[in-house]
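Student: Have a look; sequence and predicted model below, questions after that.
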Protein chains: 2
Amino acid sequence: MPKRLVVIGGTAAGLSAATKAKRIIPELEVTVFEKTGYTSYGSCGLPYFVGGMIESADDLVELDAAALSQKRGITANVRHEVTSIDRLAKEVHVKSLADSAAFTAPYDQLVIATGALPVTPNIPGIHAEGVHFLRTVEDGIALRARAEKTKSAVIIGGGLIGLEVAEQLALTGCVVTVLEAMPRFLPHLDESFSGAVRAAMEQNGVAVHTCAAVNEIAESGGAVRGVRTGGGECFPADLVLVSVGVRPNSALAEQAGLETGFRGGIVTNRHMQTSDPSIWACGDCVQMYHLLTGQPCYVPAGTTANKQGKVAGVNIAGGHAAFDGVLASQVTEVFGLVAASTGLSVQQAADAGYAPATAAITKRDRASYYPGGSDNRLMLVFDRNSGVLLGAQGIGGKSVAGRVNVLVTAITCGMTVEQLGALDLVYAPPVAPVYDPILIAAAQAAKQVKPSNPPH
Amino acid sequence: MPKRLVVIGGTAAGLSAATKAKRIIPELEVTVFEKTGYTSYGSCGLPYFVGGMIESADDLVELDAAALSQKRGITANVRHEVTSIDRLAKEVHVKSLADSAAFTAPYDQLVIATGALPVTPNIPGIHAEGVHFLRTVEDGIALRARAEKTKSAVIIGGGLIGLEVAEQLALTGCVVTVLEAMPRFLPHLDESFSGAVRAAMEQNGVAVHTCAAVNEIAESGGAVRGVRTGGGECFPADLVLVSVGVRPNSALAEQAGLETGFRGGIVTNRHMQTSDPSIWACGDCVQMYHLLTGQPCYVPAGTTANKQGKVAGVNIAGGHAAFDGVLASQVTEVFGLVAASTGLSVQQAADAGYAPATAAITKRDRASYYPGGSDNRLMLVFDRNSGVLLGAQGIGGKSVAGRVNVLVTAITCGMTVEQLGALDLVYAPPVAPVYDPILIAAAQAAKQVKPSNPPH
């Protein structure tokens, strides 16, 4: 039975592991070291704090150090950086960022939950004043302070966080330009879906430029003045958000000789155990596996972090739990348009050896005669030989999220599109049409599946 | 290859069968006889027509006879009653309600899709002027005309249609009382769920009385004046809606010697074929089977009717399709509160030999720090030995429907609550909390499942 659990990172993953282990073994001594000043914050909420929709940064924090101590018996030390792991001595070296004091903390079991770091492109001017990243609460506070005195902003990178911040800044009256290096943004979505998101951005006054690789951030007196692209265009800006993706924060694990893999993520088994049996890792710092292909992937998400943390906690406490993989489910809402996706895209399905086909439909989300509602556009990706559902995308009103979650469930269970079309989904005019968009998409898909022998 | 297909009933089921068969065999001669003046209407929409939210009765009709002829090549005869089926001669006897002309129509294959009839309780005064039923478009037109000159209405029966009409009439300013004979209404829901629906009705000015069996409808000069209950109370009313359930409209089938079963529903195999191989039946007139128990049941629904009709149509055209059963999925919205359910209740699960347990949680449907949203209350019914999910109920904002549909999918696939808790559901602050209510309910449930051997 372990006596001392040390957790590196007060992230969702780290605190899930800590909480679960402590609940199972109440006498376990649990100590968390968190480099930033905040524990347990949801980084998905940061765009809404930046735009002022969420007033206080404290609202982003579900459990601060005091609450962790009082409610869960967990000692959480913020502004404490773990500088190295001594696997032989089973201790971590810690530095207090407040007073630079250094000390060591012994462990029986160790959890690495250091999360992700923003990717920092190597371009001139990246360190100018007014160039921001958005990952921690501190990042959010700094970005919001800058945004409040900003008239024009450039977002480098049309990923989910970039688009969400673009929306939030535009809602405050700021002139916002999004620059995406690739020919289109949100490449995990079908072109018609990412195109609809782009249209929503543009209709709401956000300028969007694709094939717009950034060459240089222009500065004057150390402060940002604009962004120059490879095409030679210059976009003036008082504020630049660099949002070109994140990578696993795995340096500490690597230095300690733990195995790392895809994109540098810490390699674990399905029990979230690293190559050192006393060390566990979970959340945005680990390599993940795709539930359908079994291949390594990297899809950082708070939901996954929580699940992996719980699995680690159970196993640390001597139980048996496993995390099998992700479907890469994602959703965002910009200007009232919800876009969600899960599973494999057509290209990913082809790469994985399937014979992918698609069916796409657009349908209102309630009975035609019932007022209100909005369109749902759904696309299914499936194998044309077996009919097995492999992926799904949806765009439209809020009800899209629930429909894509039905498809998450169907994919997880290995349903065919024919089985999908037989689902006894709920129906009443205010909440759905009698032929639910899911059933219509499934019927379209079923027509393309190669006939098998009759099931008589 | 059949040449002549006759369909009795221009219902959703009948037209689905007709359309599907005609699409597969374009030269098939398809004739539909519908007793009312309307084909292809959604009776679920009738409450919203009665209340005036849907302006014209024509809006309830998806395809009228002209459209059926032009778009689908189907001859639909409204106001034509089939009076008997001659199985030996393979023809039906038809009466035109316009001119009482009688004729026979020969068939190679016959579909019975006569739908359901309202249950008519045997109480004095039931035939008085101002006493209404609600099943056909004509019923809706008559009820709306009466409602427009009504100040006070009594609804006998607290089922879904009764509650929806109560809501709609209350919204027009009418004083509405619902009388339910049983101790509570919506008995397929857990008491806390049906209680929440009752509270919503009462908060919006609808009087609700349970244990209120009706003894007599009071009339004066042939017109309704009020409703008297067994308790001796009299509720004054200018309008009475009798909404105490429906039953399969199977008299014609029975007279023709076809096998009928549960509640009089026409018995079919899973190909929707009756005991006569040339006769098919689908929709609200047939006996259904529960997907989990395999036991006969009767849960009339437009969604099921459409699916069964399609299955019948495929098989009539020589294909192979099957309808496996229903989960009894239902949803309604009254005064902005959505209540949905699927699968087995605790009692039904116990009756079917399971060891049922429940887990119920209430949780907001978006991130705690994100403005707006509403509570979702979810209850899972599962087997405590195997952990297999058996039923689910949800109540709250509109997002409840999507969540219950996830649970429909999980139940259909035989998922355990532990597997449910591992689903990679989509997450973003505007559409869900990081721990989706489904995952929280699943975790609560998993704690009650008897531990099995570790899955190592």
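Tutor: Perfect, I can see it now.

Student: which of the residues in the host helix or strand of residue A:348 are buried?
Tutor: Using DSSP states H and E, residue A:348 sits in helix A:346-351. In terms of neighbour count (16 or more other C-beta atoms under 10 Å in any protein chain shown), helix A:346-351 has its buried residues at A:346, A:348-349. (Each C-beta comes from the backbone N, C-alpha and C, glycine too.)

Student: For these, give me CSV that also has distance to residue B:316 and pLDDT.
Tutor: CSV is the format used below for the buried residues of helix A:346-351 (distance: C-beta to C-beta, whole Å; pLDDT from 0 to 100):
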residue, distance to residue B:316, pLDDT
A:346, 35, 96
A:348, 40, 95
A:349, 35, 97
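
Student: Output those in JSON lines; the columns should cover distance to residue B:204.
Tutor: Formatted as JSON lines, those follow (distance: C-beta to C-beta, whole Å):
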{"residue": "A:346", "distance to residue B:204": "48"}
{"residue": "A:348", "distance to residue B:204": "49"}
{"residue": "A:349", "distance to residue B:204": "49"}
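
Student: Can you pull the phi and psi angles for whichever residue of chain A sits closest to chain B?
Tutor: Closest contact between chain A and chain B, by C-beta to the nearest C-beta, is at residue A:402 (1.5 Å). Note on residue A:402: backbone dihedrals following degrees, to the nearest 10 are phi -60, psi -40.

Student: Identify the residues contacting it.
Tutor: Contacts for residue A:402 were tallied using C-beta atoms under 8 Å, 6 or more residues apart in numbering or on different chains; they are B:399, B:401-403, B:405-406.

Student: Which positions in the stretch 251-400 of chain A make contact with chain B?
Tutor: A:291, A:301-304, A:306-307, A:320, A:322-324, A:326-333, A:338, A:340, A:342, A:367-371, A:398-399 (C-beta under 8 Å from any C-beta of the partner chain).

Student: Which of those fall within strands?
Tutor: Judged by DSSP state E, strands contain the following of those: A:330-333, A:338, A:340, A:342.

Student: Quick check: which ranges of chain A have low pLDDT?
Tutor: A:452-456 (pLDDT under 70).

Student: Any idea which residue is closest to the centre of it?
Tutor: residue A:301 (3.4 Å; C-alpha atoms, centre = their mean).

Student: Find the nearest non-adjacent residue to that residue, please.
Tutor: residue B:427 (6.6 Å; C-beta to C-beta, 6 or more residues apart in numbering or on different chains).

Student: okay, now the one you found: neighbour count?
Tutor: Using other C-beta atoms under 10 Å in any protein chain shown, residue B:427 has 27 neighbouring residues.

Student: same thing with residue A:46?
Tutor: Neighbour number of residue A:46 under other C-beta under 10 Å is 27.

Student: Now do the same contact list for it.
Tutor: Residue A:46 neighbours (C-beta under 8 Å, 6+ apart): A:60, A:134-135, A:137, A:139-140, A:161.

Student: now with 10 Å?
Tutor: A:54, A:57, A:60, A:134-137, A:139-141, A:143-144, A:161, A:164-165, A:168, B:429 (C-beta atoms under 10 Å, 6 or more residues apart in numbering or on different chains).

Student: May I ask which helix or strand encompasses it?
Tutor: helix A:46-50.

Student: Okay, and the beta partners of the nearest residue to residue A:255 once chain neighbours are set aside?
Tutor: For residue A:255, ignoring the flanking residues on the chain, the nearest one in space by C-beta to C-beta, 6+ apart is residue A:84 at 6.3 Å. Residue A:84 forms beta bridges with residue A:93, as assigned by DSSP bridges.

Student: Can you tell me which of the contacts of residue A:402 comes closest to residue A:90?
Tutor: Ranked by distance to residue A:90 (C-beta to C-beta), the contacts of residue A:402 are led by residue B:406 at 43.0 Å.

Student: Could you report the neighbour count for that closest one?
Tutor: By the measure other C-beta under 10 Å, the count of residues near residue B:406 is 25.

Student: Return the residues of the stretch 51-200 of chain A in contact with chain B.
Tutor: Applying C-beta under 10 Å from any C-beta of the partner chain, one finds that the stretch 51-200 of chain A approaches chain B through A:53-62, A:160, A:164.

Student: If we use 6 Å, what do you get?
Tutor: Proximity of the stretch 51-200 of chain A to chain B, by C-beta under 6 Å from any C-beta of the partner chain, involves residues A:54, A:59-60.

Student: Take those and write them to JSON lines, including neighbour count, distance to residue A:193 and secondary structure.
Tutor: Formatted as JSON lines, these follow (neighbours: other C-beta atoms under 10 Å in any protein chain shown; distance: C-beta to C-beta, whole Å; DSSP: H, G, I helix; E, B strand; the rest coil):
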{"residue": "A:54", "neighbour count": "23", "distance to residue A:193": "27", "secondary structure": "coil"}
{"residue": "A:59", "neighbour count": "17", "distance to residue A:193": "31", "secondary structure": "helix"}
{"residue": "A:60", "neighbour count": "23", "distance to residue A:193": "29", "secondary structure": "helix"}
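
Student: From those residues, pick the one nearest residue A:16.
Tutor: residue A:60 (16.9 Å).

Student: So that closest one is in contact with residue A:45, correct?
Tutor: Yes - here residue A:60 reaches residue A:45: they are 4.9 Å apart, a contact under C-beta atoms under 6 Å.

Student: shared neighbours, those two?
Tutor: residue B:369 (C-beta atoms under 6 Å, 6 or more residues apart in numbering or on different chains).

Student: still on that earlier bit, quick check: buried residues in the helix holding residue A:46?
Tutor: A:46-50.

Student: Could you identify the helix or strand that succeeds it?
Tutor: Downstream of helix A:46-50 (by DSSP H and E), the next one is helix A:65-72.

Student: from the contacts of residue A:402, which ones fall inside helices?
Tutor: B:399, B:401-403, B:405-406 (DSSP state H).

Student: Helices along the stretch 251-400 of chain A, start to end?
Tutor: A:251-255, A:302-316, A:346-351, A:399-412 (DSSP state H, counting those that start in this stretch).

Student: thinking again about what came up before, which of the residues of the stretch 251-400 of chain A next to chain B are buried, as a PyMOL select command?
Tutor: Buried members of those, defined by 16+ other C-beta under 10 Å, are picked up in PyMOL with:
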select buried, chain A and resi 291+301+302+303+304+306+307+322+323+326+327+328+329+330+331+332+333+338+340+342+367+369+370+398+399
